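Q: Quick one, what's the 3D model for this:
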Amino acid sequence: MSEIIRPDMSVYQYAMASAKQVYHLTCLLPVQQKFVLTAQLRRSIVMVCTRLSAVAFSDNKERLKRNSELFIRVYAELKTQIKMSLTLGHFQAPQLQPLEATLDQILLYCENNLQPR
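A: Numbers count the residues shown, from 1 in each chain. Next comes the predicted model:
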């Protein structure tokens, strides 16, 4: 994971920061969402981190591309769940801005892996 987005934060660190943010935010959800939105958001962020690890350790260009594509799918799923939580009134946009900015930085990294070189 040598690719750096900012000089002081690797992609891996972005993923870990995102996971921490998601777990913190899900603690704010109503108890009725424990087995629904809370579980889905947590599952999705775990998959984001897992997929990012697969991207980082891809041993050839074909696998790198495939793992990046899989990451983007999980990213889209997580973003959809975030939008649902906003629509349902569980969060306000400013609460989610740091998480979305962090996830978008990771997305840029994976999208760059899909560009022909």
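
Q: list the contacts for V74?
A: 44, 47-48, 51 (CB atoms under 8 Å, 6 or more residues apart in numbering). Glycine gets a C-beta too; all of them are placed from N, C-alpha and C.

Q: mind running it again at 10 Å?
A: 43-52 (CB atoms under 10 Å, 6 or more residues apart in numbering).

Q: Mind listing what's buried along whichever strand or helix holds T50?
A: Secondary structure from DSSP states H and E places T50 in helix 39-56. The neighbour-count check on helix 39-56 (16 or more other CB atoms under 10 Å) flags 40-42, 44-45, 47-49, 51-52, 54-56 as buried.

Q: tilt between the helix or strand hosting A17 and helix 39-56?
A: Using DSSP H and E, A17 maps to helix 11-26. Per axes from the mean of the first three to the mean of the last three CA atoms, to 10 degrees, the angle that helix 11-26 makes with helix 39-56 is 180 degrees.

Q: gap between helix 11-26 and the chain center?
A: 8 Å (CA atoms, centre = their mean, to the nearest Å).

Q: now swap in stretch 56-69 and tell me
A: 17 Å.

Q: That one: which residues count as buried?
A: 56, 58, 64-65, 67-68.

Q: Likewise for stretch 106-114?
A: Applying a neighbour-count criterion of 16+ other CB under 10 Å, one finds 106-107, 109-110, 113 buried in stretch 106-114.
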